[in-house]
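**Q** okay, predicted coordinates and the sequence, questions at the end:
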Amino acid sequence: MSVAPALRHRAETAAAPLPPLLARAEHLAGTVLLGDHGRRRAGLGDDFWQYRPAQPGDSRRMIDHRRSARGDQQYVREREWQIAQSVMLWVDQGASMRFSSDKRTETKADRARLLALAVAILLVRGGERVGLTGTTLPPRRGNAQVHRLAEAWSRDAEADYAPPEHRAMIPHARALFVSDFLGDLGEVELALSKAADRGVRGVLMQVLDPAEESFPYRGRTLFESVGGTLRHETLKAGELRERYLIRLAERRDALMALTRATGWQLGLHHTGDSAQSALLWLWRALDGRVR
Amino acid sequence: MTVLGGIGFTAPWLLLALVALPILWLILRAVPPAPIRRLFPAVSLLLGLRDDESVSDRTPWWLLLLRVLAVAAVILGLAGPVLNPRQQAEGDQPLLVVLDASWAGAARWTQQIDLLEARLTEAGRANRPVAVLRLGAPEDLVFQSAAAWRSRLPGLSPMPWQPGQAELAAAAQAVGAQAGGFDTLWLGDGLDYAGRTELLETLSARGAVTVYQSPNPVLGLRPATFADGAVQLTLLRAEPGPERIQAVLALGPDPAGTVRVLNRSEARFAAGETEAQLALSLPSELRARVTRFELEGQRAAGAVALTDDSLARHEVALFAGRQDREGLELLSPLHYLTQVLVPNSDFIDGALLDVLPANPDIVVLADVVTLATLERSALTEWVEQGGILVRFAGPRMAASDIGRDEIDPLLPVRLRSGGRTVGGAMSWGEAKTLAPFADTSPFYGLTIPDDVTVSTQVMAQPDPDLADRVIAALSDGTPLVTRKALGLGQVVLFHVTADAEWSSLPLSGLYVEMLDRLAVSSAAKSADAINLEGTVWSPLRVMDGFGQLDDAGNLPGVDGTALASAAIGPELRPGVYANESRRLARNVLGADSLLTPAQWPASIPVLGLSIAAEQPLGGWLLSLALVLLALDVAASLALSGRLGPLGRAAALLGLLLHAPGAEAQQAEADRFARDATREMVLAHVLTGNRAVDDLALAGLRGLSDTLFFRTSVEPAAPFSVDLERDELAFFPLLYWPVTPDQPQPSHAAYARLNTYLRLGGMILFDTRDADIARFGAGSPNGQKLQQLAAPLDIPPLEPVPGDHVLTRAFYLLQDFPGRHASTDIWVEAAPADAEQIEGMPFRNLNDGVTPVVIGGNDWAAAWAVDDNGRSMLPVGRGYGGERQRELAYRFGVNLVMHVLTGNYKSDQVHVPALLDRLGQ
């Protein structure tokens, strides 16, 4: 499978400039999977554990310059290993995502997978566990998991609009759903309410094509979904624009209301924009800093 | 056929379909354009949205217009439109076609024939029998089917004369012999001639007469005359009109013998004038070559003026034996001759031997007796090649012994000694007069004035052939002028002096006429009837109606009087006539001819020649409809957004049609030249192997950088050179990596490579295989190198000797490693006599730059750097490898220095000697 390494390579490139992402553990005690926090040993955590001299193999960004500046030796500040967060990802593999209005922009699916994988890489680098919602790929840590994710996302689904996978969500974990959310809103509502029930909080990232936002069509047009299941014919596409935009805004309002009710966050990204800004926003949202 | 607005329709009822166009407009308007299929993921949001109006987007009005126009074009095209529809001609009587068929219509002959063909076609449709009567060459009227006459049309041609009395009489007789009525079509040439009106009356009596005549006036050209040092041409036109410029061409053979236009001048008809004068001042050499003048664009015999001797200028050399009376011009023996010859002769002065190579037409020896042997032989040879030698007697000739005992080759007869004097104060008899000329004499027909007397003459010996040689005699039978042929030329002896001492002949007009007959003086008035009396002229070349000269064939000769004065007709055709060595041209128009336009009675309809042919328009309209429909397809596709690939295909097609031409290639070559010469650049040969080419370019980049940093050579970025396409002259050094699979350059490329090498270029061949096979056939690169270099102009080679200038051009080097460190590098062999001078460290080797350097050390790999200046490939191991790379760079620097400075370093061997000398 040649798609997966390429996707991973690009995701690595997108993730490279960002510092390791450590999702805030809101419920340290609630992370059940690996037991309690405070392992009394060096690891990933918020609390100071010890300074130790830098050794070959330490990344430069791990050096604590405040400590090192006092002497000639360079030190690494170690923290107490705290409990890792589990982050579950879901990326819409539906046919509707495989759309691009312009040959120069990538498809929504490409952009969504890129963003999700970049987040996954950041999270893995930060020591978190990353996995897919559902049972196919439970959260794990390590670079191999990134590879598995990339492989999992290189498979396309047949259906036009894939419903969010909400089975087997780990309680009190975090989640990231990336989709265009143009399908049945009820499925999203169901998934989010189920997640809220289990204390899972997260981010909805809506990825849209610029054409879906501007609706630049005119004349007699037969609109078809990418999968070919839905079609709508109009005699004057230009006349539909206003009402379409209103519906799109309504859809977004509904999503917003949904996320408000469940404590999630809603992000919007257009494939015409830079992936970097979207990743930055995602990182901050998963970090819990964006409310 | 229905005619609407000048356009006829074969199926006019179809035009009713045009009424349906507005309905079509409404229908097209109502039908919406086909929907565009678009993928759109957010269609889920669109579901359930209804259109406000039931009316769809309308088809744009211009597209509607396009379609309606296409349909209209189809309807009109199918209705069978015909431009210039021909109405059926009336009448079913037999048709007589009368053609003037004179030279005046030759310029518009094609039009006449086209018109005639159209009329014959019509007559054929109406089943009218047709007869054709050419007034220039009338025949009996034969009424036959139009088709039969049509097949004979190409054979008709105009005559080079106007219908004369005889022809018109024959024509009238032919018409009279025909019973019954007939209609007449008269294709006139536009010129009047006697008897035309009578013929017209005859024809009008038999039926309707229609005249076709071009409105363009007939142009003519009178014979050229020579006056005031210029050729005088008179142009005529039949009718006065607005101002008109007409070009006159002078044609004649060029030195190679090809007839071409020697001169082109323009004459101007003033408004309202029918004559235009043109004075052509031509150099005599050129004038003598002119064979005809003609009006440009007028292909008719009347627009041609053939030239004859009257324009030719003889080159005459005059020699007089008596030089003791220099001051007395009137008494010069040559005075009268000069007077006769001046109007149309050029004199050549000089000694006889100097003059003869200039090949004069005539040599006149007046009382010259003594000729040196060389002069005699040269003169004899000249006469035998066609010269005319005219000798005059005189006291010296009478006193000499010349031609006494045997006939002198340069005298026609033997002479008796002493001559005789008659009619003088001391003699018994009276001065003699001339006897009438015999009819065998060239002077036959000339009138002898009474007052011409001869008092003294030299006498001829009565030889058997004397009678044949006498062409003029005195009244007592003694010869006055004798002549004999000698080779191609002739020798003429006047038995009197050239001046008036011995006779009064030079004082009379007869003298001029006699010289004229002898072609010595071709006077401008040669075509005088009296002058020509008694001569018979045979036609050499005759003109047809179009003014083309044809061989005369076996046409009979013409009497001189008739030639001068008779009207041109079947008996006397215009052309060039010859009598002995004289040439006379007879032109269609005489010196006082006028062109009179033909006037037709008002009752006769006169039509122009220009007929507009029927032109069916249906095909054009249907094609237009197709084009419009094609446009409609393109426009519809564009509107529905599906033009993408089609548009690209069309654009590609357009691009192919407008393929970059020679200009673009030239511009490309110019740009290449500018870039290559802006700075000094290194270049490598493209091998077709991408990796090798990239490495070679990178290697040259590294070498260029090294040169830039270390020396005053500051090359720009290196070039890749395509041997087949690029100019090589801009590059001092070509690096040529050898790959086994690179294509052999073409012959043209090798030619340029050899030129490059000869002009001081250098090629560095690199087999890149460490020279493992020692340039044997063992390695594929070595074999390829042999193939590549075989057609090159390469001198003998040798391994670099230790004192070669490459070893010290910049750095001192012993070996020349690249990525490999093989030792053998081959350069042009030193001359065999190169010796080491005492006290010099080096031999004085090659004077120039070696054209090739051949090695296998893969230098480019050692030199190669990437964009950041880092070495691309490792060389050797560790520090030793870097040292090897450094030496590779040094070799490159030395090589470029060697190319750019030549044997400059080699000259350093003289430095000790120079210093030594300076010290003294």
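**A** Great, that's in hand.

**Q** need the phi and psi values for residue A:78.
**A** In terms of degrees, to the nearest 10, the main-chain angles of residue A:78 are phi -100, psi 150.

**Q** so what's it bridging to?
**A** Partner residues in beta bridges with residue A:78, using DSSP bridges, are residue A:50.

**Q** that one touches residue A:54, doesn't it?
**A** No - because the distance of 11.1 Å does not satisfy C-beta atoms under 8 Å, residue A:78 is recorded as not touching residue A:54. No exception for glycine: its C-beta is placed from N, CA and C like everyone else's.

**Q** overlap in contacts of these two?
**A** In terms of C-beta atoms under 8 Å, 6 or more residues apart in numbering or on different chains, residue A:78 and residue A:54 are not both contacted by any residue.

**Q** point out where chain A drops to low pLDDT.
**A** Within chain A, the stretches falling below the threshold (pLDDT under 70) are A:1-4, A:13-47, A:80-84, A:287-291.

**Q** was I right to think residue B:341 contacts residue B:316?
**A** Yes - counting by C-beta under 8 Å, residue B:341 touches residue B:316, with 5.5 Å between them.

**Q** now the stretch 301-450 of chain B against chain A: closest residue?
**A** Checking the stretch 301-450 of chain B residue by residue against chain A with C-beta to the nearest C-beta singles out residue B:303 as nearest, at 70.8 Å.

**Q** just checking, next helix/strand downstream of the worst-scoring helix or strand of chain B on mean pLDDT?
**A** Least confident helix or strand of chain B, by mean pLDDT, DSSP states H and E, is helix B:643-657 with a mean of 62. Sequence-wise, the next helix or strand downstream of helix B:643-657 (DSSP states H and E) is helix B:662-678.

**Q** quick one: buried residues of that next one?
**A** Neighbour-count burial for helix B:662-678 flags B:672, B:676 (criterion: 16 or more other C-beta atoms under 10 Å in any protein chain shown).

**Q** how long is stretch B:681-689 from one end to the other?
**A** Terminal residues of stretch B:681-689 lie 22 Å apart, using C-alpha to C-alpha, to the nearest Å.

**Q** who in the stretch 1-150 of chain A is up against chain B?
**A** With the criterion set to C-beta under 8 Å from any C-beta of the partner chain, the stretch 1-150 of chain A comes near chain B through A:96, A:97, A:99, A:108.

**Q** apart from its chain neighbours, what residue comes closest to the first one?
**A** By that I understand residue A:96. Among residues not flanking residue A:96 along the chain, residue B:41 sits closest, at 3.7 Å (C-beta to C-beta, 6 or more residues apart in numbering or on different chains).

**Q** the one you found and residue A:176, how far apart?
**A** For residue B:41, the distance to residue A:176 under the criterion C-beta to C-beta, to the nearest Å works out to 21 Å.

**Q** those two: who's more crowded?
**A** The residue with more neighbours, out of residue B:41 and residue A:176 and counting by other C-beta atoms under 10 Å in any protein chain shown, is residue B:41; that gives 30 against 26.

**Q** SS state for the more buried one?
**A** When the structure is reduced to helix, strand and coil (DSSP: H, G, I helix; E, B strand; the rest coil), residue B:41 reads as coil.

**Q** sorry, back to before: keep only those of the residues of the stretch 1-150 of chain A next to chain B that are in strands.
**A** Members of the residues of the stretch 1-150 of chain A next to chain B lying in strands (criterion: DSSP state E): none.

**Q** out of those, which is most surrounded?
**A** If you count neighbours using other C-beta under 10 Å, the busiest of those is residue A:96, which has 31 neighbours.

**Q** ok, now which ones touch it?
**A** Residue A:96 makes contact with A:108, A:160, A:161, A:180, A:182, A:183, A:225, A:226, A:227, B:41, according to C-beta under 8 Å, 6+ apart.

**Q** residue B:101 contacts residue B:138, correct?
**A** No - applying C-beta under 8 Å, one finds residue B:101 not in contact with residue B:138, separated by 9.6 Å.

**Q** how much space between the residue most central in space within chain B and residue B:251?
**A** Closest to where the C-alpha atoms of chain B average out (C-alpha atoms, centre = their mean) is residue B:260, at 8.7 Å. The spacing between residue B:260 and residue B:251, counted by C-beta to C-beta, is 7 Å.

**Q** quick one: the strands in the stretch 801-920 of chain B?
**A** Counting by DSSP state E, counting those that start in this stretch, one finds strands in the stretch 801-920 of chain B at the ranges B:826-828, B:852-855.

**Q** need the contact partners of the shortest one.
**A** Strand B:826-828 is contacted from outside by B:775, B:795-800, B:804, B:806, B:846, B:850-855, using C-beta under 8 Å, 6+ apart.

**Q** try 7 Å this time
**A** When contacts are taken as C-beta atoms under 7 Å, 6 or more residues apart in numbering or on different chains, the neighbours of strand B:826-828 outside the stretch itself are B:795, B:797, B:798, B:799, B:800, B:804, B:806, B:846, B:850, B:851, B:853, B:854.

**Q** can you give the distance of that strand from its chain's centre?
**A** Strand B:826-828 sits 54 Å away from the centroid of its parent chain (C-alpha atoms, centre = their mean, to the nearest Å).

**Q** one more: the longest one?
**A** Mean-position distance between strand B:852-855 and its chain equals 53 Å (C-alpha atoms, centre = their mean).

**Q** which residues does that strand contact?
**A** By C-beta under 7 Å, 6+ apart, the surrounding residues in contact with strand B:852-855 are B:762-766, B:771, B:794, B:797, B:816, B:825-827, B:895.
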